[in-house]
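1. can't give you the sequence, but here's the structure:
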Ligand code: AMP
Ligand code: ZN
């Protein structure tokens, strides 16, 4: 059938332009922590774009804050794959670290028992959250040879020295040290409470290799049996899989100092002064109800627990609703709002399901230009989500079935790109929530009782029943056809 040209839609002018696809003149712009500016992204080799994201240290379950870089930079990877023929995205697993040693010693097991378990859990959690697997997932313990070689190069070029079984990076040998975080050496030492040790030339010098006692994991090296420092692991893995100079390096802004600063020092010096990573991206920290997540406050929300309580799309929405560079506060109120927004979009899809076959897949070519423009603008996910709201609104107001179907397609395509609107609306609304033990018949009984109270003009009782239902995670909506209910599946995160 010949499609009629789309008619203009108020507030959504790009729907006029068909086909709805990425305009090659649009440029990807990214905020570079190195220059503190938003810049055009220009890869060294457009045929092979490279990105490294610091992965988790696997000694425990990851928390919802850890999921933020993986969801957001995973989305950036999706965008880069759309723009370039090849992306090599490496996200490592830190499987040798003193925190792992402590956890293994406490459990009386070898470190591999701990790291294998939590690396597997991490992968499973990422899959449930709809985070695409990276192209490479290097493990630090599988790169000891490369780590040792890199340390040897640093010693040979005068940037590192061995002392008492340790090898230290000589910070004074790298004048650019501190450029990323913009701190002076004194500030860095004070802020990071760096260890002052007699074998260090300078308190800011950091460990590349350290000796292991027989009870600790260790590998033979020119400096005796020992293990690598955390920072050198990322430098060596990045070099092994992506090369000496990479396009993008990303992680949380808590890693900017000392981890990323040290990675830059090591890699630049090991590569004869070549720039290490050209664009540095940092996400802001996630807090809970306005407070930093911490074990002592008991507010460290584990991702796997939240995945038991909420639909993964709700978690993704929560992580994308703030711009990645901004802080993000997780609160019961925000979860409620997220749920309401998703419910609204799913309501639109349910109500308009007659206009298209929801089973029919959507393709990237249906992505609206306005949506891509938002993502190309330093991954502006709040704006991309606003486009989804405008599309849902435009779909409801569309004055021809063709325009409506086209708008729903655009909504679904944009949702798919963000990992949202992937389930059947009926499944979304009836989706069992773990926070309500009520079965459908029980819910219906309460809904009927409320309706009866309303009919009897006993509004106080009707309100009480509505509140009771809400407490049980059930939202009642009054429609001309009578009351409709759905599971709210929200507000369960309050400690
Ligand atoms: P880690 O395993 O501690 O190295 O953390 C893995 C990733 O999660 C790193 O990129 C961290 O910067 C990031 N991260 C840790 N805590 C938070 C938080 N509260 N909010 C956002 N990102 C975080
Ligand atoms: Zn790293």
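-> Alright, I've got the coordinates. Since this is a predicted model, take the numbers as computed values, not measurements. Ligands and ions are numbered 1, 2, ... in the order given.
2. ok, residue 338 - contacts?
-> Neighbour list for residue 338: 314, 317, 318, 321, 490 [criterion: Cβ atoms under 8 Å, 6 or more residues apart in numbering]. For every residue, glycine as well, the C-beta is placed using N, CA and C.
3. again with residue 211
-> Residue 211 makes contact with 164, 165, 166, 218, 223, 224, 225, 226, according to Cβ under 8 Å, 6+ apart.
4. closest to residue 366 out of the contacts of residue 338?
-> Proximity of the contacts of residue 338 to residue 366 (Cβ to Cβ) peaks at residue 317, which lies at 20.7 Å.
5. helix or strand: which one has the residue lying closest to the closest one once chain neighbours are set aside?
-> In space, and not counting its chain neighbours, residue 317 is closest to residue 338: 4.7 Å by Cβ to Cβ, 6 or more residues apart in numbering. Using DSSP states H and E, residue 338 sits within helix 332-351.
6. show me what the mean pLDDT comes to for that helix.
-> Averaging pLDDT along helix 332-351 gives 97.
7. which residues of the stretch 151-300 of the chain lie near ligand 2?
-> By Cβ under 5 Å from the ion, the residues of the stretch 151-300 of the chain that approach ligand 2 are residue 234.
8. can you tell me the residue of the stretch 151-300 of the chain closest to ligand 2?
-> Per Cβ to the ion, residue 234 is where the stretch 151-300 of the chain lies closest to ligand 2, at 3.1 Å.
9. equivalent analysis for the stretch 351-495 of the chain, please.
-> In the stretch 351-495 of the chain, the residue that lies nearest ligand 2 is residue 379 (20.0 Å; Cβ to the ion).
10. my guess is that residue meets residue 76, correct?
-> Yes. Applying Cβ atoms under 8 Å, one finds residue 379 in contact with residue 76, separated by 5.6 Å.
11. follow-up on the earlier one: which strands or helices does the next helix or strand after the helix holding residue 338 pack on?
-> Using DSSP H and E, the helix or strand that follows helix 332-351 towards the C-terminus is helix 369-376. Applying 3 or more Cβ pairs under 8 Å, 6 or more residues apart in numbering; DSSP states H and E, we find helix 369-376 packed against helix 64-83, helix 381-397, helix 401-418.
12. JSON lines for the contacts of residue 338, including secondary structure and distance to ligand 2?
-> Shown next, in JSON lines, are the contacts of residue 338 (DSSP: H, G, I helix; E, B strand; the rest coil; distance: Cβ to the ion, whole Å):
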{"residue": "314", "secondary structure": "helix", "distance to ligand 2": "29"}
{"residue": "317", "secondary structure": "helix", "distance to ligand 2": "28"}
{"residue": "318", "secondary structure": "helix", "distance to ligand 2": "25"}
{"residue": "321", "secondary structure": "coil", "distance to ligand 2": "26"}
{"residue": "490", "secondary structure": "coil", "distance to ligand 2": "34"}
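13. now stretch 142-149: buried residues?
-> 143, 144, 146, 147, 148 (16 or more other Cβ atoms under 10 Å).
14. give me the contact list for it.
-> Stretch 142-149 is contacted from outside by 140, 209, 219, 221, 222, 228, 232, 233, 236, 237, 239, 240, using Cβ under 8 Å, 6+ apart.
15. from those residues, which ones fall inside helices?
-> Those of those mapping onto helices are 232, 233, 236, 237, 239, 240, per DSSP state H.
16. now do the third one: how many residues are near it, please.
-> Right, the one you point to is residue 236. The local packing of residue 236 (other Cβ atoms under 10 Å) involves 27 other residues.
17. how about it, what does it touch?
-> By Cβ under 8 Å, 6+ apart, residue 236 lies in contact with 143, 146, 147, 149, 150, 228.
18. what does the stretch 1-150 of the chain have sitting close to ligand 1?
-> 54, 56, 57, 65, 66, 68, 69 (Cβ under 6 Å from any ligand atom).
19. chain center to stretch 370-379, what's the gap?
-> Put simply, stretch 370-379 sits 17 Å off its chain's centre (Cα atoms, centre = their mean, to the nearest Å).
20. before we move on, the earlier item: pLDDT added to the buried residues of stretch 142-149, as TSV?
-> Formatted as TSV, these follow (pLDDT from 0 to 100):
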residue	pLDDT
143	98
144	98
146	98
147	98
148	98
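21. so what touches stretch 70-88?
-> 22, 28, 43, 46-51, 53, 89, 91, 126, 129, 131-132, 134-136, 241-242, 248, 250, 281, 283, 316, 319-320, 324, 364, 375-376, 379, 381, 417-419.
22. out of the residues you listed, which end up buried?
-> 22, 28, 43, 49-51, 53, 89, 91, 126, 129, 131, 134-135, 241-242, 248, 250, 281, 283, 316, 319-320, 324, 375-376, 379, 381, 417-419.
23. in helices only, show me the residues you listed.
-> In helices, defined here by DSSP H, the members of these are 126, 241, 242, 316, 319, 320, 375, 376, 381, 417, 418.
24. closest one of those to ligand 1?
-> Set against ligand 1, the nearest of those by Cβ to the nearest ligand atom is residue 319 (9.2 Å).
25. ok, that closest one touching residue 69?
-> No. In this structure residue 319 lies outside contact range of residue 69 using Cβ under 8 Å: 9.6 Å.
26. among the contacts of residue 338, give me the pair with the biggest separation.
-> Going by Cβ to Cβ, the pair spanning these furthest: 321 and 490, at 13.8 Å.
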